[in-house]
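*Asks:* need a 3D model of the following:
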Amino acid sequence: MNNKLEVERVQTGVRLEKRMLKVLKALAEYLDITLGDLLEGIVLHAFDGQTPFNEELLQRISQLKDVYGMDYGVEFSHKLVEDNTE
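*Replies:* Have a look, this model is predicted:
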């Protein structure tokens with residue numbers, strides 16, 4: 001059985017919160033995968049109602065959130081707004 005699936009990837013202009021992106025990039029680096037692979041994995045797990053991270057990785061994510069000042073969590077889902085005072 002072939003465990004590979006050929007797909008077509010497209011470039012996207014998605015905007016993400018700056019600290020969240022730093023955590024995601026650092027986690028992808030830690031796992032030695034691309035940011036795109038990390039995001040695809042998170043989405044595939046979420047769509048199946050599963051968590052993509054074991055306890056060890058959740059602890060690493062917590063550390064990375066501290067390092068990059070990501071001082072918020074799921075309670076702010078769909079509530080992030082941009083500061084347009086610049």
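*Asks:* quick one: residues contacting the residue positioned nearest the centre of the chain.
*Replies:* Relative to the mean C-alpha position of the chain, the nearest C-alpha, by Cα atoms, centre = their mean, is the one of residue 24, at 4.5 Å. Applying Cβ atoms under 8 Å, 6 or more residues apart in numbering to residue 24 gives the contacts 16, 35, 38, 39. No exception for glycine: its C-beta is placed from N, CA and C like everyone else's.
*Asks:* and these, which of them are buried?
*Replies:* Neighbour-count burial (16 or more other Cβ atoms under 10 Å) applied to those gives residue 38.
*Asks:* now distance to residue 61 too, for the contacts of residue 24, in a markdown table please.
*Replies:* Shown next, in a markdown table, are the contacts of residue 24 (distance: Cβ to Cβ, whole Å):
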| residue | distance to residue 61 |
| --- | --- |
| 16 | 15 |
| 35 | 14 |
| 38 | 11 |
| 39 | 14 |
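*Asks:* just name the closest of the contacts of residue 24 to residue 53, please.
*Replies:* residue 38 (10.5 Å; Cβ to Cβ).
*Asks:* so where does the nearest residue to that closest one once chain neighbours are set aside fall, helix or strand?
*Replies:* Closest residue in space to residue 38, ignoring its immediate chain neighbours: residue 28 at 4.4 Å, by Cβ to Cβ, 6 or more residues apart in numbering. Residue 28 belongs to helix 18-31 when assigned by DSSP states H and E.
*Asks:* how far off helix 18-31 does the helix or strand just after that helix point, in degrees?
*Replies:* Scanning forward in sequence from helix 18-31 by DSSP H and E, the next helix or strand is helix 35-47. Counting by axes from the mean of the first three to the mean of the last three Cα atoms, to 10 degrees, helix 35-47 lies at 100 degrees to helix 18-31.
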